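Peer 1: Sequence and predicted structure below; questions after.
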Number of protein chains: 2
Amino acid sequence: MDEQARFEMFAFWRTSATYRVRVALNLKGLKADERFVNMEAGEHHSENFLKINPMGAIPALIDRQAGSTSPPITQSLAILEFLDETHPASPILPAGIYGRARVRSLASMLVADTHPLITPRVVTYLTDEAGMDAGAIRAWRVNWFTKGLLAFEQRLATEAETGTFCHGEQITMADICLASIKIVLPIFKIDVVGTPIINRIFAACEQHDAFINAAPSRQFGAPV
Amino acid sequence: MDEQARFEMFAFWRTSATYRVRVALNLKGLKADERFVNMEAGEHHSENFLKINPMGAIPALIDRQAGSTSPPITQSLAILEFLDETHPASPILPAGIYGRARVRSLASMLVADTHPLITPRVVTYLTDEAGMDAGAIRAWRVNWFTKGLLAFEQRLATEAETGTFCHGEQITMADICLASIKIVLPIFKIDVVGTPIINRIFAACEQHDAFINAAPSRQFGAPV
């Protein structure tokens, strides 16, 4: 029988934020026992899950080596920083302070300024309270994905540090966050045009087992 | 004549994200020459400013000690991490890895999952494209501020690490991000009820010069 994994993760197959953590775990050779939270059935709003994360958001990571009073770690960027601090091999931040700042800034452009706008809770509000129909929801998603990715592309195109990956030759949080957006676009049947550098970098990421094995379509619960 | 400050910051008096950076600079005894970007006049969408930040968002921090090819640092959380790495005195993250994870998670709940939903660009879209009137916009803002702050309060109420501040007895990023939301609520004439711990912590922050001097009402451009 396998040794128990150090981590336990409340997860759903499709979410961009869970994908980010799966990639980071894979890059660092770590395993997490996944506990399936069926977001389509609203399980993330259940009383039990709200004890894990009062925000009702996926993922939540439990480190079995933490004390019992240590709360689950939520928010994908906080989890990525945590994994990089506890497992510094295969770093996902550059060594230099300016590089670290650039990578964190790029990551936040997508995780803080783009992704929160297209999450299910927002779409539910817009549908139920603002009366948006499917076409208007699609236009909303297209708008924010496009704005976020075009601004990201503009930085990649004009900043000297851009390399094979977003920041030089090493995979960082910025690539993980970029891939987490790119990988969900087909699920929404959305194509953002005018992003050749992003497309090149995403293609490079998709060569890596860490990204391949994190793909939503390969997770438990995904449509077969 | 004063020595030139190390930092230069593109800023606007009212924004929550700029406030976060001002507090962190104050806590660490740092100065930034502020360059006023008049968001009410749309200057953050000007060609000149989009060269500084293609996302069109405030703040953007320039470190005059960085090389000329180093891009401005954008995104408030990335800037807070940068300032904490370059100026570790008066740290805004705890020393322990689980504490750091908790503080980053709390900060992201507000900066990534709450604040992006009520920014001017989102409100403009909802007004122009979804036909939301002033009442509907107010309901939208109330909804996300309430959801974010009540989830935050729930964590403070149930997690052992909560102290005088969000995490023990030391001011951290979590307090800075919490205060950045609390301080803009009166601007929107919004009151979220049922958050006694948040109110107590915000009151403790407001005793500190670092927070007092960062208040939007004290900045250049604020209504007199």
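Peer 2: Structure's in. What do you need?
Peer 1: what bits of chain A have low per-residue confidence?
Peer 2: Applying pLDDT under 70 to chain A flags residues A:1-3.
Peer 1: all helices of it, in order?
Peer 2: Using DSSP state H, the helices of chain A run over A:16-27, A:47-52, A:76-86, A:97-111, A:120-128, A:134-158, A:173-182, A:196-205, A:209-212.
Peer 1: Deepest in the core, which of those is it.
Peer 2: Compared across the helices of chain A, helix A:173-182 shows the largest average neighbour count, a mean of 27 (mean count of other Cβ atoms under 10 Å in any protein chain shown). Quick note: C-beta positions are derived from backbone N, CA and C, even for glycine.
Peer 1: Tell me what angle it forms with helix A:196-205.
Peer 2: 100 degrees (axes from the mean of the first three to the mean of the last three Cα atoms, to 10 degrees).
Peer 1: check whether helix A:173-182 contacts chain B.
Peer 2: No. Applying Cβ under 8 Å from any Cβ of the partner chain, one finds helix A:173-182 out of contact with chain B, separated by at least 10.3 Å.
Peer 1: ok and that helix relative to helix A:134-158, angle-wise?
Peer 2: 150 degrees.
Peer 1: Tell me which other helices or strands helix A:173-182 touches.
Peer 2: For helix A:173-182, the elements it packs on are helix A:16-27, helix A:76-86, helix A:97-111, helix A:134-158, helix A:196-205, judged by 3 or more Cβ pairs under 8 Å, 6 or more residues apart in numbering or on different chains; DSSP states H and E.
Peer 1: now the ones you listed in a markdown table, with distance to chain B?
Peer 2: A markdown table is the format used below for the helices and strands packed on helix A:173-182 (distance: least, Cβ to the nearest Cβ, whole Å):
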| stretch | distance to chain B |
| --- | --- |
| helix A:16-27 | 10 |
| helix A:76-86 | 4 |
| helix A:97-111 | 4 |
| helix A:134-158 | 4 |
| helix A:196-205 | 13 |
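Peer 1: Looking at these, spot the one closest to B:Asn26.
Peer 2: In terms of Cβ to Cβ, the element of the helices and strands packed on helix A:173-182 nearest to B:Asn26 is helix A:97-111, at 19.5 Å.
Peer 1: Quick one: distance of that closest one to the chain centre.
Peer 2: Relative to the chain's own centre, helix A:97-111 is displaced by 14 Å; criterion: Cα atoms, centre = their mean, to the nearest Å.
Peer 1: Pull out the CA atoms of it and give them to me as PDB.
Peer 2: Coordinates of each C-alpha in helix A:97-111 appear next as PDB, following Å, rounded to 0.1, in the frame of the first residue of the first chain:
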ATOM      1  CA  ILE A  97      14.100  40.300  -6.800                       C
ATOM      2  CA  TYR A  98      13.100  42.100 -10.000                       C
ATOM      3  CA  GLY A  99      12.400  38.900 -11.700                       C
ATOM      4  CA  ARG A 100      10.300  37.700  -8.800                       C
ATOM      5  CA  ALA A 101       8.300  41.000  -8.900                       C
ATOM      6  CA  ARG A 102       7.700  40.700 -12.700                       C
ATOM      7  CA  VAL A 103       6.600  37.100 -12.400                       C
ATOM      8  CA  ARG A 104       4.200  37.800  -9.600                       C
ATOM      9  CA  SER A 105       2.900  40.800 -11.400                       C
ATOM     10  CA  LEU A 106       2.200  38.800 -14.600                       C
ATOM     11  CA  ALA A 107       0.600  36.000 -12.500                       C
ATOM     12  CA  SER A 108      -1.700  38.500 -10.800                       C
ATOM     13  CA  MET A 109      -2.800  40.100 -14.000                       C
ATOM     14  CA  LEU A 110      -4.600  36.900 -14.800                       C
ATOM     15  CA  VAL A 111      -5.400  35.500 -11.400                       C
END
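Peer 1: what angle sits between it and helix B:97-111?
Peer 2: Using the same axes, to 10 degrees: helix A:97-111 against helix B:97-111 is 50 degrees.
Peer 1: how about stretch A:37-55, does it get close to chain B?
Peer 2: Yes. Against chain B, stretch A:37-55 shows contacts by Cβ under 8 Å from any Cβ at A:Leu50, A:Pro54, A:Met55.
Peer 1: got a list of what the second one touches?
Peer 2: Applying Cβ atoms under 8 Å, 6 or more residues apart in numbering or on different chains, one finds that A:Pro54 lies in contact with B:Leu150, B:Ala151, B:Phe152, B:Gln154, B:Arg155, B:Thr158.
Peer 1: and chain A, which of the residues you listed reach it?
Peer 2: Applying Cβ under 8 Å from any Cβ to the contacts of A:Pro54, those adjacent to chain A are B:Leu150, B:Ala151, B:Phe152, B:Gln154, B:Arg155, B:Thr158.
Peer 1: Find the nearest non-adjacent residue to A:Phe188, please.
Peer 2: Spatially, and ignoring its direct neighbours in sequence, A:Phe188 is nearest to A:Arg141 (5.7 Å; Cβ to Cβ, 6 or more residues apart in numbering or on different chains).
Peer 1: residue contacts, A:Ala222?
Peer 2: With Cβ under 8 Å, 6+ apart, A:Ala222 has these contacts: A:Trp13, A:Arg14, A:Pro216.
Peer 1: Against A:Ile198, how distant is the last one?
Peer 2: Same thing as A:Pro216. For A:Pro216, the distance to A:Ile198 equals 19 Å [Cβ to Cβ, to the nearest Å].
Peer 1: again with the second one
Peer 2: In this structure, A:Arg14 and A:Ile198 are separated by 21 Å, where distance is defined by Cβ to Cβ.
Peer 1: circling back: quickly name whichever of the contacts of A:Ala222 is closest to B:Ile171.
Peer 2: Nearest to B:Ile171 out of the contacts of A:Ala222 is A:Arg14 (Cβ to Cβ; 37.7 Å).
Peer 1: Next one: the closest one relative to A:Ala160, how far apart?
Peer 2: Counting by Cβ to Cβ, the gap from A:Arg14 to A:Ala160 is 36 Å.
Peer 1: of these two, who's got more company?
Peer 2: More neighbours surround A:Arg14 than the other of A:Arg14 and A:Ala160, with 20 against 10 (other Cβ atoms under 10 Å in any protein chain shown).
Peer 1: quick one on the thing from earlier: widest-spaced pair of the ones next to chain A among the contacts of A:Pro54?
Peer 2: B:Leu150 and B:Thr158 (12.5 Å).
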